[in-house]
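Visitor: Provided below are the primary sequence and the corresponding predicted coordinates.
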Amino acid sequence: MSDAHSSPYLHHHFDTLEQQRQASSLGMWVFIAQEIMFFGGLFLAYTYYRALYPEAFAVGSSLLSLGWGGFNTVVLICSSLTVALSVHAAQVGNKNGIMRYIVATMFLGVIFLGVKYIEYHAKFDHNLVPGRNFQFEPHDAHAHTAPVEFELPALVASAQAQVPQMAMPAMDGEALHAEEEHGELSFDPRHLQIFFSLYFAMTGMHALHMIIGIGLMFWLLRLAGTNRFAPEYYTPVELFGLYWHFVDIIWIFLFPLLYLI
Amino acid sequence: MTDPSVDTVAEAIPAESAPLINHHISPVTLYYKIFGLLMILTVITVAIARVDLGFMNIVMAVTIATLKATVVALFFMHLKYSAKVTWVAAAAGAIWLCVMLALTLADVLSRTWIPTPEAWL
């Protein structure tokens, strides 16, 4: 590593390029750990309310489009592959490869956000956005997916199976009250608003990360276009890769938790 | 989608710059294999969700998602070839998240819930 000291890419406070690279990578992983805690709060809220209101969450999930959700999962995994290939191109000093795969990733990211727009638009159309205009039509649930069982005995059984400790008190008190109030509904529609609040908060925060990621890719394209990367220095590409893969991991958890209840 | 030119460039790196690159570079074929594995696991997740397993549905969903996340972290994010101190940072995020979820659920699931008073509704 003696010739590493002469590299124009080596900052004076590092001994070797490898040490410099590892320091940057560690810094990014600390940031990702912070991001885990940030999204963790949302996942905690989700877990808490799903444990309390399993019926409302099952109905809410059935109102989401499994087709679009699955499609977006595939798009995001493809984009993770293109980012990994872009980092590989940077490692071997293939400038055109970096730019080609970054553009491919941007394209896939835009497709994901476009699908997200279609999904959000449908939720606004069906009055499923939490707030004053929120309105749940039970027949929507039947129209969208396999029939949802609204009969009380079946729900008690499924609720007991899922959360044995809580099913009985909940059905004795609140849920039975809701049953009388809302006719055939076996859950309080307000609990459905909690599901959709979490849906918009979690997917919205995820989409914001993707928009930031697409912005970062413009910056990477500029750096790559002006020959700022070499096999011994491609830290921005590598750290961006970590960021994009992390955003993919968030979706890997969001997809089954929101769409596949 | 395989791009043979990328590997050609890898071989074309001048010998004098080789000592600078002493960290691991995964072959492109590994990325395609991981991609295939992630796709297969996605299909399995959707298939399992369509079968009613009761409580096991959520367990299976989270287990497969965790498996996918681990594969992404190890190979796409190069954690497998990273310094041990990087492992500590990655593990810290995951472990503290588990602590937060576990302690909260220990409270929520073990409580006795009293019905909400009429006046609050």
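Guide: Cool, got the structure.

Visitor: which residue does chain B bring closest to chain A?
Guide: Relative to chain A, the nearest point of chain B is residue B:115 (2.7 Å; CB to the nearest CB). Heads up, the C-betas are built off the backbone N, CA and C, glycines and all.

Visitor: now that residue: how far from residue A:231?
Guide: Look at residue B:115 and residue A:231: by CB to CB, to the nearest Å, they are 67 Å apart.

Visitor: how about stretch B:62-71 against chain A, any contact?
Guide: Yes: judged by CB under 8 Å from any CB of the partner chain, stretch B:62-71 comes into contact with chain A at B:62, B:64, B:65, B:68, B:69.

Visitor: Ignore what I typed, I meant stretch B:30-37.
Guide: Yes: applying CB under 8 Å from any CB, one finds stretch B:30-37 touching chain A at B:31, B:32, B:34, B:35.

Visitor: my guess is the third one meets residue B:76, correct?
Guide: Yes: here residue B:34 reaches residue B:76: they are 6.4 Å apart, a contact under CB atoms under 8 Å.

Visitor: what residues do the two have in common as contacts?
Guide: Both residue B:34 and residue B:76 are in contact with residue A:84, where contact means CB atoms under 8 Å, 6 or more residues apart in numbering or on different chains.

Visitor: between those two, who's got more neighbours?
Guide: Using other CB atoms under 10 Å in any protein chain shown as the criterion, residue B:34 and residue B:76 rank with residue B:76 on top: 27 against 21.

Visitor: where exactly do the helices run in chain A?
Guide: Ranges of helices within chain A are A:17-52, A:54-62, A:66-91, A:95-125, A:138-144, A:152-162, A:164-170, A:176-181, A:189-225, A:235-254, based on DSSP state H.

Visitor: Repeat that for chain B.
Guide: For chain B, the helices defined by DSSP H cover B:4-11, B:28-49, B:56-71, B:84-110.

Visitor: quick one: residue B:48 and residue B:63, what's the gap?
Guide: Per CB to CB, residue B:48 is found 10 Å from residue B:63.

Visitor: again with residue B:117
Guide: In terms of CB to CB, residue B:117 sits 40 Å off from residue B:63.

Visitor: of all the helices of chain B, which has the lowest average per-residue confidence?
Guide: When the helices of chain B are ranked by mean pLDDT, helix B:4-11 comes last with a mean of 46.

Visitor: What distance do you get for the residue in chain B sticking out farthest from the centre to residue B:111?
Guide: In chain B, residue B:119 marks the outermost C-alpha relative to the chain mean, sitting 45.9 Å out by CA atoms, centre = their mean. From residue B:119 over to residue B:111 the distance is 22 Å, taken as CB to CB.

Visitor: cool, residue A:204 as well?
Guide: Look at residue A:204 and residue B:111: by CB to CB, they are 30 Å apart.

Visitor: Likewise for residue A:98?
Guide: To residue B:111, residue A:98 is 54 Å away according to CB to CB.

Visitor: The two: which is more packed in?
Guide: Comparing residue A:98 with residue B:111 by other CB under 10 Å, the one with more neighbours is residue A:98, at 26 against 11.

Visitor: just to revisit the earlier point, write the PyMOL selection for whichever of the residues of stretch B:62-71 next to chain A are buried.
Guide: Only the buried entries of the residues of stretch B:62-71 next to chain A go into this PyMOL selection, using 16 or more other CB atoms under 10 Å in any protein chain shown:
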select buried, chain B and resi 64+65+68+69
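
Visitor: Residue A:42 is nearest to which of the helices of chain B?
Guide: Checking those against residue A:42 by CB to CB gives helix B:84-110 as the closest, at 11.2 Å.

Visitor: Who are the packing partners of the closest one?
Guide: Other elements packing on helix B:84-110 under the criterion 3 or more CB pairs under 8 Å, 6 or more residues apart in numbering or on different chains; DSSP states H and E are helix A:17-52, helix A:164-170.

Visitor: Kindly reformat those as CSV containing mean pLDDT and mean neighbour count.
Guide: Output for the helices and strands packed on helix B:84-110, formatted as CSV (pLDDT from 0 to 100; neighbours: other CB atoms under 10 Å in any protein chain shown):
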stretch, mean pLDDT, mean neighbour count
helix A:17-52, 94, 18
helix A:164-170, 41, 17
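
Visitor: possible to save those helices as JSON lines with distance to residue A:223?
Guide: Shown next, in JSON lines, are the helices and strands packed on helix B:84-110 (distance: least, CB to CB, whole Å):
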{"stretch": "helix A:17-52", "distance to residue A:223": "15"}
{"stretch": "helix A:164-170", "distance to residue A:223": "53"}
